[in-house]
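# just a sequence and a predicted model for now, questions to come.
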Amino acid sequence: MPGLATIIAEIAAEMAEAPHRGMVADYIPALATVDPRKFGIAVVEADGTCHMAGDADEAFSIQSISKVFSLTLALGSIGDKVWERVGREPSGTAFNSIVQLETEAGIPRNPFINAGAIVIADMILGNHAPREAIGEILRFVRSLAGEDGIFVDGAVAAAEQETGFRNIALANYMRAFGNIRHQVELTLGVYFNQCALAMSCRQLALAGRYLMAGGINPATGHSVISPRRARRINALMMTCGHYDGSGEFAFRVGLPGKSGVGGGILAIAPGRASIAVWSPGLNARGNSQLGALALERLVHRTGWSVFEPVVGG
Ligand SMILES: NC(=O)CC[C@H](N)C(=O)O
């Protein structure tokens, strides 16, 4: 197998030539103007080595990838009580769908669809003001990545607030079932700001290290979350991280992954690597078109799929 640096450089070169790049999300106006030709990839290996290619150092809107970090925070603060208000099953519906809430008592199927992440945001809000909860998420992500230069893009957060009618509907609907405990504007303030986190592929891959390393941040040796919970977050990423495209992603890539409508994907090769890719064009399910293709090729060339037999291991 060629070295990882070579593989990543080759994939970036192939993606630069790719004809079908998908469509940039335009329902959030601040995302509509992002250049669809962008492509970045960063891979942080278990020993800390970081390989990058393309636009891996350019910050983009991580959007729903933030749901991995908010779930981790909520599990850390309220533990398994999280599962009283949000489920653990794939929804098979679009990321912003409302339909299942009606027959399922306002309990979202999983923490990665919008409804589920809004409930998680409501948990993180707890007894705080939204500003403090957003600060807590920001500090957490900065500490995971080991970088202070991560910020919330105020223009994206404002655009989401102005146009987030579906999310407002989801929050109100769940409030009617008692599954949102705060005023919806406060809970959504947390949610919109976490989605507006701007990070580069490099920062995102660094932030994901604890998920490849059994809950430990390998840079500091500190426990972020228990090994059991890290394993379970990976399981949820595999089954629910791409919404109604999760089966296809598992089929093609075979790694736990979480996508965002900014075109990013965080993928975890347990014990091996934390990987972030970014290409703004999306497929019909709202997941990065070239991001998935790049990961498919990476896994094919490295043998990193979790379904690959470990030879001699
Ligand atoms: N899939 C996504 O990344 C969706 C997140 C986006 N902020 C929304 O709520 O619609």
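Nice, thanks for sending it over. Here the structure is a predicted model, which is why all the values come from computation and not from measurement.

# confirm that residue 307 sits in a helix.
No - applying DSSP: H, G, I helix; E, B strand; the rest coil, one finds residue 307 to be coil, outside a helix.

# and the pLDDT for it?
As predicted, residue 307 sits at a pLDDT of 97.

# show me what contacts it?
Neighbour list for residue 307: residue 254 [criterion: CB atoms under 8 Å, 6 or more residues apart in numbering]. (Glycine included, C-beta is placed from N, CA and C.)

# contacts only, for the closest residue to the ligand within the stretch 101-250 of the chain.
Distances between the stretch 101-250 of the chain and the ligand by CB to the nearest ligand atom are smallest at residue 195, namely 3.6 Å. For residue 195, the contacting residues are 61-64, 66, 156-157, 160, 260, by CB under 8 Å, 6+ apart.

# can I get stretch 211-226 in CSV, CA atoms only?
Provided in CSV are the C-alpha atoms of stretch 211-226 (Å, rounded to 0.1, in the frame of the first residue of the first chain):
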residue,chain,number,x,y,z
LEU,A,211,-13.8,8.8,19.0
MET,A,212,-11.0,6.8,17.4
ALA,A,213,-9.3,6.4,20.8
GLY,A,214,-11.9,4.9,23.1
GLY,A,215,-13.0,8.2,24.5
ILE,A,216,-9.5,9.5,25.4
ASN,A,217,-8.0,12.6,23.8
PRO,A,218,-4.7,11.1,22.7
ALA,A,219,-3.0,14.5,22.7
THR,A,220,-3.6,15.0,26.5
GLY,A,221,-4.3,11.5,27.8
HIS,A,222,-7.5,12.9,29.4
SER,A,223,-10.8,11.0,29.3
VAL,A,224,-13.4,12.9,27.2
ILE,A,225,-16.0,10.3,27.7
SER,A,226,-16.1,6.6,28.8
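
# what does that stretch contact?
With contact meaning CB under 8 Å, 6+ apart, stretch 211-226 is reached by 46, 48, 68, 72, 75-76, 143-144, 146, 206, 209-210, 227, 229-231, 233-234, 237, 256, 268-274.

# from those, which ones fall inside helices?
68, 72, 75-76, 143-144, 206, 209-210, 227, 229-231, 233-234, 237 (DSSP state H).

# what ranges does the stretch 51-200 of the chain have for its strands?
Here the stretch 51-200 of the chain has its strands, by DSSP state E, counting those that start in this stretch, at 60-61, 151-152, 197-199.

# chain center to the last one, what's the gap?
When distances are taken as CA atoms, centre = their mean, to the nearest Å, strand 197-199 is centred 11 Å away from the chain's centroid.

# where does pLDDT dip in this structure?
Low-confidence segments of the chain (pLDDT under 70): 311-313.

# before we move on, back to that, mind putting the strands of the stretch 51-200 of the chain in JSON lines, distance to the ligand and mean neighbour count included?
Shown next, in JSON lines, are the strands of the stretch 51-200 of the chain (distance: least, CB to the nearest ligand atom, whole Å; neighbours: other CB atoms under 10 Å):
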{"stretch": "strand 60-61", "distance to the ligand": "8", "mean neighbour count": "29"}
{"stretch": "strand 151-152", "distance to the ligand": "12", "mean neighbour count": "16"}
{"stretch": "strand 197-199", "distance to the ligand": "10", "mean neighbour count": "26"}
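
# closest to residue 283 out of the ones you listed?
Nearest to residue 283 among the strands of the stretch 51-200 of the chain is strand 60-61 (17.2 Å), distances taken as CB to CB.

# so which elements touch that closest one?
Counting contacts by 3 or more CB pairs under 8 Å, 6 or more residues apart in numbering; DSSP states H and E, strand 60-61 packs against strand 197-199.

# now with 10 Å?
Other helices and strands packing on strand 60-61, by 3 or more CB pairs under 10 Å, 6 or more residues apart in numbering; DSSP states H and E, are helix 29-32, helix 154-163, strand 197-199, strand 273-278.

# who does the helix or strand hosting residue 247 touch, helix- and strand-wise?
Per DSSP states H and E: residue 247 is located in helix 246-252. Counting contacts by 3+ CB pairs under 10 Å, 6+ apart, helix 246-252 is packed against helix 227-240, strand 257-259, helix 289-302.

# how about these in CSV, adding mean neighbour count and distance to residue 103?
Output for the helices and strands packed on helix 246-252, formatted as CSV (neighbours: other CB atoms under 10 Å; distance: least, CB to CB, whole Å):
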stretch, mean neighbour count, distance to residue 103
helix 227-240, 19, 19
strand 257-259, 30, 26
helix 289-302, 22, 31
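
# no further questions, thank you.
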